[in-house]
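K.L.:
Next comes the sequence, and after it the predicted model I'd like to discuss.
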Amino acid sequence: MSTPATPPRSLAEALRTRDDASLAALLRSRPDLITPVPTDLTQLATRAGTRASVVRALERLDRFTLQTAQALAVAADPAPYDELLGLMAGDVRDPAVVNALPRAVAALREQALVWGAEDRLRLVRTARELLAPAPQHPSPTGLGPTVAEATAGMSPGRIQEIVTAAGLPSTHDPVSAVAALTKLFTARRRMKTLLAGAPEESLEVLNRLVWGPPYGQVTADPAARLRWLIDRGLLLPTAPGTVVLPREVALYLRAGRAHRETEPVAPPVEAKATHRPQVVDAAAAGQAYTALATVEELLKDWDEGGPAVLRAGGLSIRDLKRTAVALDLAEPVAAFWVELAYAAGLLASDGEADERYAATPAYDEWLEQPAAQRWTHLAETWLTATRTSGLVGGRDAKERTLSALGPGLDRSAAPEVRHRVLTLLAALPEGTSPSAESVLARLRWERPLRGTVGAAPQSDDDLRSRLARWTLNEAELLGVTGRGALSGQGRALLGAAAGGSAAKGASAGAGRATGGVSGHAASSASAASSASPSGAGDKLPVHHRTPTPPEPLSPAEQAVASAAAARLLAPLLPEPLDHVLLQADLTAVAPGPLQRPLADVLDVLADVESKGGATVYRFTPGSVRRALDAGRSASDLHDFLTAHSRTPVPQPLAYLIDDVARRHGHLRIGAASAYVRCDDDAVLSEILADKRSAGLRLRRLAPTVLAAQADPAALLDGLRAMGFAPAAESADGDVVITRAHAHRTPPRTAPEPVPDGPPTPDTTLLSAAIRAIRAGDRASTTPLKPSTTPAPAGELPRTGSAETLATMQAAVLTGTALWIGYVNAEGSASQRVIAPIRVEGGFVTAYDHTADEVRTYPLHRVTGVAELAEG
């Protein structure tokens, strides 16, 4: 293991200088490194340098930290800290950059993207390859290749011509000539003198190329302004007709800065409006009540079997439009509620031959819960769901339309963006609503890269920005926010303190994140504090670290937070009423939410005419007949209205009920295909004479019986459309009661969110993994006896069974430690250092130094054994 005074020579050696807390921070921030657990620190370093892992780590850097990595990619390898500071702060040494740079370097160290002492900072090779300028992928810095890189294929004679034109003495070889040019271009005074004699037009060419792209096109006979630059090496040819501005020249023209604009400080979230917290909570509670009512109305509309499932899965555009009309909402909003109910496990496909969507048994259980708990279930689901309703109506990679409830709507970044947006709102004073643009600017600073490493900052229309906009809108629809500000129940749902700062960040910020990169563990602080003196270690002092947003709550913490949110919301929700106000115009006004039994009966007896703070129901002959079809008598309806109305039952409504009841069932319809019978043959004659009955193809079988070629349901609908009130009858002649049948799917589980990479490991897993990695590293680096033939790097020791047994038995007698290779029952190989205690029955019992406990191993699973050097 490297001593603190010895600079590390590789990333693996740099990792060996870290303590357990620092390694835990690395594994927590880059969980892909622990899947599966590396055998030792060398394997961990190798895995940390793979392209997929490095790309993922770079995508999770904030803008300034990423700019620092990009600057290191164009610096020397290794680069002293002062050179990096010059590239970031420029010749003027911007104070904000000077103060923020140590934090960015510490974050890169913590992520194992940078290692080495302060005078020898190294960006891991894969990151340098991804971020360094190349013709195939230009650098976001806008810089081109160095003089040495640009002249790599140039003839020695041409290089000497450039040296002479630049006013430098000739050299004996191209290497020294390139070095002389590089020295000239990096000398501020000499460059100033050289450019002082440049034509104005030539300087304009340099100004156009200085911030990138550094490449330009020239003809075979360049103009004089270009010829002056090419002759002196200020523009170097890279291909026929193409020239490039060397990196050293560009840095001189930029005053040493690698970036045109550095952003060392996160942009603040600006306040748009301020309201009293009570107003915000009341508005949010109103939206929460509307959310519950909307989901109930949606599933009530699909109670007898909802829309059909498309062959490719999902809801058709026509069915989505029909649902939006039924809910009196815009289609995107209707898609949001449909997707939320699906994600919450309240609806699913029934799996029948003619597959349709319907409510699940979980919906009935949900209905029985108190309103506040029903809301927290929806809000929790929304926070963690990866299905994104905002994509409905868009196109996938194959130009297929994305449909609600269909495939292709999962976006693994959605939960993280939702949580981050709400956390930014929680950091504002209570009652303050932010401007959407400032929230988007903050998110773009925190995660400037997504999907394409090395690209320029993405436009406002990238996925994260759209997710953030949808989050702000959906939080308002759901009642998490009110008037744009985070509500009290929304703050509690996040686990945030009343003061506006995240409670997790306040009480356990040291255990959550550090270093400016989301998801870092607090243990990085102790890692930084163990930095070696005189800059030889691989860490920076802890005072450079700045806290970052807290991570989402664990399931147990979320349950506590949800319970707190429900307690805050419950008093703000309106109490269900047990009465309505009947009016003489055949309407009933519900001045608030109704108790469920009352609402269910009223939904059958009347039609909803308008909704809002109060719901208006209208009684029609059709609605009254619907109640009679459901098995209620006229007297039942009179008693129901009398019991639940605060006003007397109006005479027109009583007459309507009696009139429809008197005619209800006068006509009876059964299955012949279908028939109509009535004791009054005049009524049947009237039906036959009506031209509207032609489509039913009726004929008289007897004075009181008509036969039809239509089925009973069509015959019922046809006669009702003609103004009659027929009733269906069974084969026994009894009236068929047509109560609504609640169709339910078999038990279904809610769809699982699609994770954004491997899950963040918990403390127990991290501790076990670090012990295993340390143990494997000790086993692989422990010196062997000189007489022992070492195994090739990364391989297990190999010895014959007889030699293994003899060595084990000798170690029991001498008490020496052995290095063994072991393959467990799952086929996983590992290296271990053990002190054998007993060998018998084909097993060895030994103290395992790697696991720090006594274990028993089958000898046939030991691949080989080697003796360790004394001491």
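P.N.:
Arrived safely. Keep in mind the model is a prediction, meaning the values are calculated, not measured. Residues are numbered from 1 along each chain as shown.
K.L.:
Going by C-alpha atoms from here, please, whenever you check contacts or count neighbours.
P.N.:
Noted.
K.L.:
Please work out how many residues are found near residue 401.
P.N.:
Other residues near residue 401 number 16, with proximity taken as other CA atoms under 10 Å.
K.L.:
does it have beta-bridge partners, and which?
P.N.:
Taking DSSP bridges, one obtains residue 395 as the residues bridged to residue 401.
K.L.:
And it, how far from residue 394?
P.N.:
6 Å (CA to CA, to the nearest Å).
K.L.:
again, but for residue 45
P.N.:
To residue 394, residue 45 is 42 Å away according to CA to CA.
K.L.:
more neighbours, these two?
P.N.:
When neighbours are counted by other CA under 10 Å, residue 45 and residue 394 differ, and residue 45 comes out ahead with 21 against 12.
K.L.:
nearest residue to that one other than its sequence neighbours?
P.N.:
residue 12 (5.2 Å; CA to CA, 6 or more residues apart in numbering).
K.L.:
Now do the contacts for that neighbour.
P.N.:
Residues near residue 12 by CA atoms under 8 Å, 6 or more residues apart in numbering: 41-42, 44-46.
K.L.:
Tell me the secondary structure at it.
P.N.:
With DSSP: H, G, I helix; E, B strand; the rest coil as the basis, residue 12 sits in helix.
K.L.:
buried stuff in the longest helix seen in the chain?
P.N.:
Using DSSP state H, we find that the single longest helix of the chain is helix 277-301. For helix 277-301, the buried set under the neighbour-count rule, 16 or more other CA atoms under 10 Å, comprises 277, 280-292, 294-296, 298-300.
K.L.:
Which stretches in the stretch 401-550 of the chain count as strands?
P.N.:
432-434, 481-482, 485-486 (DSSP state E, counting those that start in this stretch).
K.L.:
which helices and strands sit right next to the longest one?
P.N.:
Put plainly, it is strand 432-434. When contacts are defined as 3 or more CA pairs under 8 Å, 6 or more residues apart in numbering; DSSP states H and E, strand 432-434 sits against strand 271-274, strand 485-486.
K.L.:
cool, and the last one?
P.N.:
Here strand 485-486 touches helix 414-426, strand 432-434, going by 3+ CA pairs under 8 Å, 6+ apart.
K.L.:
The first one - what's its average pLDDT?
P.N.:
By that I understand helix 414-426. For helix 414-426, the mean per-residue pLDDT is 94.
K.L.:
Dump the C-alpha coordinates for that helix into CSV.
P.N.:
Provided in CSV are the C-alpha atoms of helix 414-426 (Å, rounded to 0.1, in the frame of the first residue of the first chain):
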residue,chain,number,x,y,z
ALA,A,414,-38.6,11.2,-14.3
PRO,A,415,-38.5,10.4,-10.5
GLU,A,416,-35.2,12.2,-10.0
VAL,A,417,-36.4,15.3,-11.9
ARG,A,418,-39.7,15.4,-10.0
HIS,A,419,-37.9,15.1,-6.6
ARG,A,420,-35.3,17.7,-7.6
VAL,A,421,-37.9,20.2,-8.7
LEU,A,422,-39.9,19.9,-5.5
THR,A,423,-36.7,20.1,-3.5
LEU,A,424,-35.9,23.4,-5.1
LEU,A,425,-39.4,24.6,-4.3
ALA,A,426,-38.9,23.4,-0.7
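K.L.:
can you pick the most crowded of the contacts of residue 12?
P.N.:
residue 41 (24 neighbours).
K.L.:
And residue 396, how far from residue 287?
P.N.:
For residue 396 relative to residue 287 (CA to CA), the value is 32 Å.
K.L.:
Partner strands of the strand ranked longest in the chain, with direction?
P.N.:
Counting by DSSP state E, the longest strand found in the chain is strand 829-840. When pairs are called by DSSP bridges, strand 829-840 turns out to pair with strand 818-823 (antiparallel), strand 843-848 (antiparallel).
K.L.:
which parts of the last one are buried?
P.N.:
So that's strand 843-848. Quick answer for strand 843-848 (16+ other CA under 10 Å): 843-848.
K.L.:
contacts for it?
P.N.:
Outside strand 843-848, the residues that touch it by CA under 8 Å, 6+ apart are 808, 832-839, 853-859.
K.L.:
which among the residues you listed end up buried?
P.N.:
808, 832-839, 857-859.
K.L.:
Going along the chain, name the strands of the stretch 1-150 of the chain.
P.N.:
Going by DSSP E, counting those that start in this stretch, the stretch 1-150 of the chain shows strands at 114-115, 122-123.
K.L.:
other SSEs contacting the first one?
P.N.:
Contacting strand 114-115 under the criterion 3+ CA pairs under 8 Å, 6+ apart are the following elements: helix 95-110, strand 122-123.
K.L.:
can you do 7 Å?
P.N.:
With contacts taken as 3 or more CA pairs under 7 Å, 6 or more residues apart in numbering; DSSP states H and E, strand 114-115 sits against strand 122-123.
K.L.:
The last one now?
P.N.:
With contacts defined as 3+ CA pairs under 7 Å, 6+ apart, the secondary structure elements packing on strand 122-123 are strand 114-115.
K.L.:
In the sheet, which strands lie alongside the strand it packs on, parallel or antiparallel?
P.N.:
With DSSP bridges as the test, strand 114-115 is paired with strand 122-123 (antiparallel).
K.L.:
Pull the residues that contact the strand it pairs with.
P.N.:
72-73, 77-79, 113-116 (CA atoms under 7 Å, 6 or more residues apart in numbering).
K.L.:
related to what we said a few turns ago, out of the helices and strands packed on strand 485-486, which is closest to residue 601?
P.N.:
helix 414-426 (39.3 Å; CA to CA).
K.L.:
Using CSV, write out every CA atom in stretch 125-134.
P.N.:
Taking C-alpha atoms only, stretch 125-134 is exported to CSV below (Å, rounded to 0.1, in the frame of the first residue of the first chain):
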residue,chain,number,x,y,z
ARG,A,125,-7.9,7.9,-19.6
THR,A,126,-11.4,7.1,-20.8
ALA,A,127,-12.7,10.5,-19.6
ARG,A,128,-9.8,12.2,-21.4
GLU,A,129,-10.7,10.3,-24.6
LEU,A,130,-14.3,11.3,-24.3
LEU,A,131,-13.7,15.0,-23.6
ALA,A,132,-10.5,15.8,-25.5
PRO,A,133,-10.9,17.7,-28.8
ALA,A,134,-11.0,15.5,-31.9
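K.L.:
Now do the strands in the stretch 251-400 of the chain.
P.N.:
Secondary structure of the stretch 251-400 of the chain (DSSP E, counting those that start in this stretch): strands located at 271-274, 347-349, 357-359.
K.L.:
pLDDT weak spots in the stretch 751-871 of the chain?
P.N.:
For the stretch 751-871 of the chain, residues meeting the criterion pLDDT under 70 lie at 779-780, 782-795, 850, 869-871.
K.L.:
returning to what we had before: which stretch among the helices and strands packed on strand 432-434 is buried most, on average?
P.N.:
Comparing these by mean neighbour count (mean count of other CA atoms under 10 Å), strand 485-486 ranks first with a mean of 32.
K.L.:
Quick check: neighbours of that one in the sheet, parallel or antiparallel?
P.N.:
Strand 485-486 is paired, per DSSP bridges, with strand 481-482 (antiparallel).
K.L.:
Thanks a lot, catch you later.
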